[in-house]
Structure formats: structure tokens, C-alpha cells
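Enquirer: sharing a model that was predicted from the sequence below.
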Amino acid sequence: MESKKHQRKEAKGDTPYHGDEDALKALIDARLRRDVQPEEAEAVSDTLQHVFGKIEGRLEGAERGRRSAPIRWVRWLRIAAVWLAVVTTGFVCWEQWLNPYRIMDVSTGIGERRLVTLHDGTKVWLSPQSTFHYPRQFNATQREVTLSGEAFFDVAKDSAHAFVVYSGELQTRVLGTSFNIEARKDKGTASVTVVTGKVAISRESGDEPIAVELKPNQRVLFDKSKQTLTKEIYPEAPKLLMEREGIYDFEGAPVTEVLERLKREYRIQVRTEGNLARCKFHGALNAGEDVEQFLRKLCIVLNADWRKVDDYYMITFQGC
């Protein structure tokens, strides 16, 4: 009698495998409907593998246990295991090689630069210590990418599909142009500078939306603490074409800015002594030249001294 009750209970679906059946059906249905978004791919793949592992374990337990599971459940689990293996393999292949909208990630380290060519022909020059996210192929509405750090964009023209860059709290929208964005998390300001074409910049945060339109040789500065956008004329914009290759032409740039560039281009630490608040540098920096050669040039121009101390460079300023 007890055995018959146990069988009837399982026949109604109240079995230890029922939860796995529901989870499996839900995952397969989601995959068939393509409701799974690219950013959820890794989590879904892990879930499929987890369910598959539980099914395999219960199959082994059913075969070895003293009280084997009913034959129909063992048969169902075998079929489910095969189907799940097929679904998992197909899902992984889709996300890794076939999904045209899969999000790609590119990062650069200290002193590293990379040129990324997007599906539409847009070229992106990543500066050191930057991260760039973009789809393998753009969708039918617009072209959207995300940047943290600094990059120069040469956007392919497409009047029907806007090109949108999300960089922290700023959104930059264009149709076809070349511009530079610097939006580093460790800096209090962000900037967008236009070399050719026209760009629209808007603030993504704050109570009231703010939008600014830029033309060639103009830039906007975003103050993160004040949440303000300041538009200004920037005749040095064409220099960005050289800077994307690591060649800098400083014309009265603050020394603090020069040293920041130096640290990002080379794997070095720099410390300073003395008053450099009013020090400005006139000269060029080529990321390919020897760092100590540049330090000698820098110190000659600024009447300063430098020395190597352990794993960093110390620069002593005598006054500018």
C-alpha cells in the first residue's frame, strides 16, 4: 500500500525532479523566444550547466540507489539531459560566434594604445588605461557604444542611424564626424572636443537635462561636482589627430597635465618637490621616445632636476 501511494504521489508530479523540469522548460522557452539578452548570456549558460549537472547526478543516484526512481522519470531525465546538452552547446556557440549583437570589450593598460574598427567602418583610437564596449554589429535603430577613459572617434557617416557614445554621465550623439572624448573615473572633469563635423552632448544625470551642440574647434567641459557643461573655443583640436598616435605638442600646458600624460604613457610613478603651480611646458612628447630623455628635456625647460629613487622618479622644481 505504501509503495502504491508513493507511486501515485509521483505520478501527480510531486517528485524531487519536478523543479528541474520547470527550470529546464523555462530556459528552453526563453532561448527559443530569444528573450535572453547578450548581457545575460553568461548567467544563463551557468544556469544551464547547473541544471545539467543536477540531472546527471540524479541519473547516477537513481541507478545506484537502493530505491530507484520510477522508470518513466529515469527515461525523462535521460532525454532531458541529451536535449539540455544540445541546447547548452547551441547557446554557447550562438553567443560566442554567431550572435551578431554580442557586446565586445576592449581595454588598454598603461602605455598601451589600440585601434578598433567597428562593423560600420567607424574607427576608434583608444588611449592608455581605457575601456570600450561595442556590439559586434549595430542594430537597426542606432549605433551605441560605451567608453570609460579616453578615445578619438572617426565616425562613419550614416544619416539614418545616429552614433551615440555613453561616457559616464555624458551622452555624445553624432551622425558622422571626428571627435575626442576624455571621461576618466579618477578625474573631476570630462571633455568632448570636435575636430570635424557636428556633435550634440547631453548630461545623463541631474534634475534638469542639459544639451550642448559643438562644431569644429570647439569643446565642452563637464564638471562632475557642479554638474555643469561649459562650452569653449578650442583651436588646438586638430592636435588630437596626432595625440591619438601618442604624439603630444604642448604649448604652455600646465606641468601637472604633462606629468599625468607621462604617467599614462609610461609604466612609471612620478613625484614632485617644490612649487610648480605656475609652471607651464612648451615642447613635444612622443610616446615612443625614452622616458629619461624626455625628463631631461622637461627639466631643462623648467629649470628643474630629476632623479630615480627606487621605483619612481622625483622631480624637484626650483621655481618657474
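Expert: Okay, I see it.
Enquirer: contacts and neighbour counts: CA atoms only from here.
Expert: Noted.
Enquirer: all helices for the stretch 51-200 of the chain, in order.
Expert: Using DSSP state H, counting those that start in this stretch, the helices of the stretch 51-200 of the chain run over 71-93.
Enquirer: low-scoring stretches of it, by residue?
Expert: Within the stretch 51-200 of the chain, the ranges that satisfy pLDDT under 70 run 51-100.
Enquirer: helix/strand/coil for residue 298?
Expert: Here residue 298 is recorded as helix under DSSP: H, G, I helix; E, B strand; the rest coil.
Enquirer: now do the contacts for it.
Expert: 281, 304 (Cα atoms under 8 Å, 6 or more residues apart in numbering).
Enquirer: from residue 279, how far out is it?
Expert: For residue 298, the distance to residue 279 equals 11 Å [Cα to Cα, to the nearest Å].
Enquirer: do the same with residue 220
Expert: Going from residue 220 to residue 279 by Cα to Cα gives 25 Å.
Enquirer: so these two - more neighbours on which side?
Expert: residue 220 (22 against 16; other Cα atoms under 10 Å).
Enquirer: next, that one: secondary structure please.
Expert: Look at residue 220: counting by three-state DSSP, its state is strand.
Enquirer: what sits against it?
Expert: Contacts of residue 220 (Cα under 8 Å, 6+ apart): 191, 192, 193, 212, 214, 229, 230, 231, 232.
Enquirer: again, 7 Å this time
Expert: 191, 192, 193, 229, 230, 231, 232 (Cα atoms under 7 Å, 6 or more residues apart in numbering).
Enquirer: just the pLDDT at it, thanks.
Expert: In this prediction, residue 220 carries a pLDDT score of 95.
Enquirer: burial count for the residue lying closest to it once chain neighbours are set aside?
Expert: In this structure, residue 220 finds its nearest non-sequential neighbour in residue 231, 4.3 Å apart by Cα to Cα, 6 or more residues apart in numbering. Residue 231: 17 surrounding residues under other Cα under 10 Å.
Enquirer: now do the SS call for residue 231.
Expert: Here residue 231 takes the strand state, with states given by three-state DSSP.
Enquirer: test my guess that it contacts residue 217.
Expert: No - when contacts are counted by Cα atoms under 7 Å, residue 231 is not listed as touching residue 217 (11.0 Å).
Enquirer: mind listing what the strand ranked longest in the chain pairs with, with the direction of each?
Expert: In terms of residue count, the longest strand belonging to the chain (DSSP state E) is strand 143-154. When pairing is defined by DSSP bridges, strand 143-154 lines up against strand 123-126 (antiparallel), strand 131-135 (antiparallel), strand 163-167 (parallel), strand 178-183 (antiparallel).
Enquirer: give me whichever of those is most buried.
Expert: Mean neighbour count (mean count of other Cα atoms under 10 Å) peaks for strand 178-183 among the strands paired with strand 143-154, with a mean of 24.
Enquirer: now name the helix or strand holding residue 278.
Expert: If you go by DSSP states H and E, residue 278 is not part of any helix or strand.
Enquirer: how about the nearest residue to it, chain neighbours excluded?
Expert: With sequence-adjacent residues excluded and distances taken as Cα to Cα, 6+ apart, residue 278 is closest to residue 320, at 6.5 Å.
Enquirer: for burial, what's the neighbour tally of that neighbour?
Expert: By other Cα under 10 Å, 14 other residues sit near residue 320.
Enquirer: swap in residue 242?
Expert: Applying other Cα under 10 Å, I find that residue 242 has 12 neighbouring residues.
Enquirer: for residue 274, see how far away the residue nearest to residue 134 when sequence neighbours are not counted is.
Expert: Closest residue to residue 134 in three dimensions, ignoring its sequence neighbours and counting by Cα to Cα, 6+ apart: residue 145, at 4.8 Å. Separation of residue 145 from residue 274 (Cα to Cα): 43 Å.
Enquirer: dump the strands paired with strand 143-154 to a markdown table, plus distance to residue 101.
Expert: Below are these laid out as a markdown table (distance: least, Cα to Cα, whole Å):
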| stretch | distance to residue 101 |
| --- | --- |
| strand 123-126 | 18 |
| strand 131-135 | 5 |
| strand 163-167 | 16 |
| strand 178-183 | 24 |
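Enquirer: for stretch 190-202, measure first residue to last.
Expert: Length of stretch 190-202, first residue to last, Cα to Cα: 12 Å.
Enquirer: residues in contact with it?
Expert: Contacts of stretch 190-202 with the rest of the structure, by Cα under 7 Å, 6+ apart, involve 170-174, 176-184, 210-223, 237-238.
Enquirer: could I have the buried ones of the residues you listed as PyMOL selection syntax?
Expert: To isolate the buried ones among these in PyMOL, judged by 16 or more other Cα atoms under 10 Å, type:
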select buried, resi 170+171+172+173+174+176+177+178+179+180+181+182+183+184+214+215+216+217+218+219+220+221+222+237+238
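Enquirer: measure stretch 215-235 end to end?
Expert: End-to-end span of stretch 215-235 (Cα to Cα): 11 Å.
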